[in-house]
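Colleague: With the sequence up front, the predicted model follows.
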Amino acid sequence: MKYQWLIPLAAAIGNAALGIVVLTRDRQKLHAAFAAMTCTLVLWNLDIFGLYFFADPEIALVWAQVFRVGPILAPTAVILFAYLFAGRGEGWRMWGMWASAILSAVLLTLNAFALLVVRLQQLSWGYYPVGTRLYHLLTFNFIFALVYSIATLFLELRTGDSPRKRLQARLWVLAATVAIPLGLTNLLPAYGVRVYPLGNLANLVYVGVVAYAIIRHRLMDIDVVVTKGMAYLAVASILIAPTFGLTLWLQRLSFGRLHPDFSFAILVMLVAVGVLFPALRLRAESRIEQSFFRKKHEYRSVLAAFTHSIVRILDRDRLIRELASTLSETLQLDRIAVALSDDGRNTFTVRFSLGMAPALDEFAKGDRFVGALRRCRDAVLRDELEGRASATERPIVSKVCQQNGWQVCIPLSTGGNLMGFISLGGKRNFDAFFAEDLELLGTVAAEASVALENARLYEELKKSQDIIRRADRLSALGTLAAGIAHEIRNPLVSIQTFFQLAPDRLHDEEFFTTFLRMTAKEVTRISDLITELLSFARSPARSLRPIDLNESVERVVTLLEPEARKHGLKLATEMAEAAAPVRADADQIKQVLINLILNAIQATKPGGTVTVATRSVQRGDVMAGEVEVADTGEGMPREQLDHIFDPFFTTKDKGTGLGLAIVHQIVVEHGGSISVDSTQGRGTRFIVDLPVVEPNLASESPSDDPTEYEQSRFRHEAQRKVLAS
C-alpha cells in the first residue's frame, strides 16, 4: 500500500491552517495576499495528492486537471505578495506582476482545453503528468516568480528603511534558500528525471517561516535561527543518522529487504522525537512537579518571584529583613544569618538573624572562613566549602559552620568583591538541600547583591541630597536674615524711643497706655519673625503628617514680607476658605514655598505684585491641594522653561541653579507635581499640586515612612471601592 499521498495532504492542511491564522489576525492587504498564496499552494498540494492517491489513471487525470489551477496561479500569487511586501510601485515591479498574471490567464485557458498535459506516467510513488510543449510556459512562470520574489527580497535588504522589514526579508531569504531547491524537484519528473518530489514539504516550510515573520512582533535574530538550525542538523547527524542506519540494518536483517515507506516513516518519527522531546520534557517536568510535589514547586515559584521584586527595595535594613524572612519561610529553615561588610571597622558583621543566634556575629575581612567563602561564586554546601578550603582554612571553616549550625553558605558579591554572605541552617523537616535549591539560591544571591549595592548607592545619594538641601536652606536663610534684620530695626527704634521718653512722662497715663500697647505688639512681631527664622534654619528629620496649606503659606509670607518691602513689592495672598489638608513634611513644604516666592520677588521689578494662592482642585479621580505663586515680572522664553528644573541651570548672575531642582525633587517625593507657565512681558506662574489626605486617614497617627502611608491609602481606597460596588 502506498502512503506517499499523506505528504501532500498534510502539506495542504498545514498551508490552509497558516493562511487562516494570518488572515484572521489582521485583514490588511499583505495578510490577504498571503492567504491567497496559501490557497493556491493548497490546491497545488491537492493536485499532487490526487495523482498519488487514485489508482485509476482516468480519475487521476481529471482530478489533476481541476486542481492544476493551484500551480498555475501560485507564481502570480507569490509575485503579488512580494509586490505588496515591498510597498513600492517601481515600473519593473508593476510590469512583472501583470506579465505573470497574463501568463497565468493563458495557462488557465490552455488547461481548460486539456492542452497542457498529454497523459500521466506511472512512477513508483504514483502518477505524474507528461506535458506538451506548452507545459514549458508553466515552468517558465514558476522560475520567473522565483527570480522576481528573490530580487524583491534582496532589494529590500539593501534599500529598505524599516529594520523590521529587513529582518523579515532575511528570514524569507533563509527559508527560500532551503525551499527553492526542494521545490524545483516537483518540476523534474515532468521532464523525465525520476526523483522523488519534495516541493510539498518545501512550500510548507517556506509558508511557515513567512507566516511567523508576518504575525510575530518580536522576531528571532537570524543568527539565532541559523545557530539553532545548525544545532539541529548536528544533533541529527550525530544521533538520528546512526539510529536510522541501525533501523535500516535491522529491517534488512529481519525481513530480507528494505521497505521505503516504512523506512521513511521511521525517519520522520525520529526527527519528530528529536525536535519535540526537549520542549515536551520541560513541560512534563513542570506539570508533574505541580501535581505531585506541590510544596517544592510553590516555594521555588515564591523564590523566583522574590528575585524579580527584590531590586526595587532601596532600604538596606528592610531588604535584609525581607530577604531573610522569605528564605526562612519558603525553605523552612531553623536559622539564618545575613552578614554585611562594615568598611569602617574592616569586618563582616551579622546584621540580621532568625532562629538561634550565631555564636559569632563578627568576622574580620582577613578571617580564613571569609577567605574560603570569597573564592566561591555560588551557594555552597558546608561539605563543599570545606572541600574547597585550603589545608590551613579547613579547620576554621569546619569549626565556624559547626558552632553556628550552618549547612549552606551563600556569598554576596559585586564586581568580584565580597560584600557579605548569607548562612543557612538546616531545614525544619530534615530535608536535604538539593541541587535545584542551590541553583535557585545562587540566583537569589545574585539579585540580592545587586539590590544591596543599589541600596548602598541610594543611601549615599540621599546623603548628598541632604547636603545640597541644607546648603540651599542656608543660602535662603542668609537672604531672609538680611531682610529681617532691617525689619527688626524699625520696631526697636520705637521701643528705644519709648524708654527714652518714659522718665519724663511718668504721670502721662495716655502716653503709657498707647506706647505700651504698641511696644508689646512690636515685641510680639519680632518674636514671631525670629521664631519662623529659627524654625526654617534647623534641618529636622522628615516627618509626613497632615498639614494646612493656608497656615504654611501664611507663615512663609510673614517671613518674606520684609524681603518684599525691601524690593518695593506687594506680597499678596488668596487663600481657599476650606482647603483640604495635604500629607507632607511641613518644613520641606516651607522650603518649597520660600524658594518659589523668593524667586518671584527677585524676578519682579519695584511696584509689581507677587501673589500666593491656595485652592483645592480635582485632577481626574484624585483631589489635590494646589499652591500657586504668580509674579508680574518679565517672564521667561520657551527655551529656558524646558530646562528650568535641571540641576545647575540658572538665569541669575550669582545663582547656583539648585533651588528649583530641589523644589522639584521635594514635590515629586511627596507624590505631587509642579508645573510652570510663563509669558514674556506678563510674568510667571508656578503651580504645585500635593495629594490631599483622605478623610478617613486624617485621624491616623503620622508616619515618617511614605510607603506605609501609601499602603494605608491604597487599603482604604480598596475598601471604598468594595463598598461602592
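Modeller: Perfect, I can see it now.

Colleague: which residue ranges form the strands in the stretch 1-150 of the chain?
Modeller: For the stretch 1-150 of the chain, strands defined by DSSP state E, counting those that start in this stretch occupy the ranges 117-123, 126-131.

Colleague: An error on my part: the question was meant for the stretch 251-400 of the chain.
Modeller: According to DSSP E, counting those that start in this stretch, the strands that the stretch 251-400 of the chain contains are 335-342, 347-355, 362-364, 380-381.

Colleague: Find the one among those strands with the highest mean neighbour count.
Modeller: strand 335-342 (a mean of 22; mean count of other Cβ atoms under 10 Å). (Glycine included, C-beta is placed from N, CA and C.)

Colleague: Restricting to C-alpha, output that strand in CSV.
Modeller: Output of strand 335-342 as CSV, limited to C-alpha atoms (Å, rounded to 0.1, in the frame of the first residue of the first chain):
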residue,chain,number,x,y,z
ARG,A,335,18.1,29.5,61.4
ILE,A,336,19.5,32.1,59.0
ALA,A,337,22.1,34.9,59.3
VAL,A,338,22.9,37.8,57.0
ALA,A,339,26.4,39.4,57.4
LEU,A,340,27.5,42.5,55.5
SER,A,341,30.7,44.3,55.1
ASP,A,342,31.4,47.1,57.7
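
Colleague: ok so, going back, between the strands of the stretch 1-150 of the chain, which gets nearest to residue 228?
Modeller: Of all these, it is strand 126-131 that lies closest to residue 228, at 34.4 Å by Cβ to Cβ.

Colleague: In the closest one, which residues are buried?
Modeller: 126-129, 131 (16 or more other Cβ atoms under 10 Å).

Colleague: what mean pLDDT does it have?
Modeller: For strand 126-131, mean pLDDT rounds to 87.

Colleague: and the direction of it versus that of strand 117-123, what angle?
Modeller: 150 degrees (axes from the mean of the first three to the mean of the last three Cα atoms, to 10 degrees).

Colleague: returning to that earlier point: can you lay out the strands of the stretch 1-150 of the chain as TSV showing distance to residue 418?
Modeller: Formatted as TSV, the strands of the stretch 1-150 of the chain follow (distance: least, Cβ to Cβ, whole Å):
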stretch	distance to residue 418
strand 117-123	73
strand 126-131	72
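
Colleague: closest one to residue 580 among the ones you listed?
Modeller: strand 126-131 (84.8 Å).

Colleague: I'd like to know which of the strands of the stretch 1-150 of the chain is closest to residue 567.
Modeller: Once the strands of the stretch 1-150 of the chain are compared by Cβ to Cβ, strand 126-131 is nearest, at 100.4 Å.

Colleague: Can you tell me the strand partners of that closest one and which way each runs?
Modeller: strand 117-123 (antiparallel) (DSSP bridges).

Colleague: Contacts only, for the residue lying closest to residue 103 once chain neighbours are set aside.
Modeller: Excluding its sequence neighbours, the residue lying closest to residue 103 (Cβ to Cβ, 6 or more residues apart in numbering) is residue 141, at 5.1 Å. With contact set as Cβ atoms under 8 Å, 6 or more residues apart in numbering, residue 141 has these partners: 72, 75-76, 100, 103-104, 107.

Colleague: again, but for residue 187
Modeller: Shown in contact with residue 187 (Cβ under 8 Å, 6+ apart): 139, 142, 199.

Colleague: how about it, secondary structure?
Modeller: coil (DSSP: H, G, I helix; E, B strand; the rest coil).

Colleague: Any figure for the gap between it and residue 112?
Modeller: 22 Å (Cβ to Cβ, to the nearest Å).

Colleague: if we can go back for a sec, quick check on the contacts of residue 187: which are buried?
Modeller: When those are checked for burial by 16+ other Cβ under 10 Å, the buried set is 142, 199.

Colleague: Can you give me the pLDDT of the closest residue to residue 19 other than its chain neighbours?
Modeller: Take residue 19 and drop its neighbours on the chain: the residue closest to it by Cβ to Cβ, 6+ apart is residue 38, 3.2 Å away. pLDDT for residue 38: 93.

Colleague: for the contacts of residue 141, which one is nearest residue 627?
Modeller: Among these, and counting by Cβ to Cβ, the member closest to residue 627 is residue 76, at 70.4 Å.

Colleague: Contacts only, for residue 86.
Modeller: Residue 86 neighbours (Cβ under 8 Å, 6+ apart): 93, 152, 155-156.

Colleague: Of those, just the buried ones, PyMOL syntax please.
Modeller: Selecting only the buried entries of these in PyMOL, with 16+ other Cβ under 10 Å as the criterion:
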select buried, resi 93+152+156
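
Colleague: so of the contacts of residue 86, which ones are in helices?
Modeller: Residues of the contacts of residue 86 located in helices (DSSP state H): 93, 152, 155-156.

Colleague: Give me the distance between residue 328 and residue 355.
Modeller: 7 Å.

Colleague: what do those two both touch?
Modeller: Residues within reach of residue 328 and of residue 355 at once, by Cβ under 8 Å, 6+ apart, are residue 336.

Colleague: ok so, going back, with pLDDT as extra columns, can I get the contacts of residue 86 in TSV?
Modeller: Below are these laid out as TSV (pLDDT from 0 to 100):
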residue	pLDDT
93	82
152	87
155	86
156	84
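
Colleague: of the strands of the stretch 1-150 of the chain, which approaches residue 381 most closely?
Modeller: strand 126-131 (64.5 Å).

Colleague: Need the nearest residue in space to the residue nearest the centre of the chain, chain neighbours excluded.
Modeller: Centroid check for the chain by Cα atoms, centre = their mean gives residue 308 as the closest residue, at 11.4 Å. Of all residues not flanking residue 308 in the chain, residue 447 sits nearest, at 7.8 Å (Cβ to Cβ, 6+ apart).

Colleague: hang on, isn't that neighbour packed against residue 307?
Modeller: Yes: contact status for residue 447 versus residue 307: in contact at 4.3 Å, counting by Cβ atoms under 8 Å.

Colleague: Those two: which is more packed in?
Modeller: Legend: neighbour count by other Cβ atoms under 10 Å for residue 447 and residue 307, higher for residue 307 (19 against 16).

Colleague: who's in contact with that one?
Modeller: Residue 307 touches 443-444, 447, counting by Cβ under 8 Å, 6+ apart.

Colleague: What residue spans form the domains of the protein?
Modeller: Following automatic domain parsing, the chain resolves into domains at 6-219, 220-289, 297-456, 541-725.
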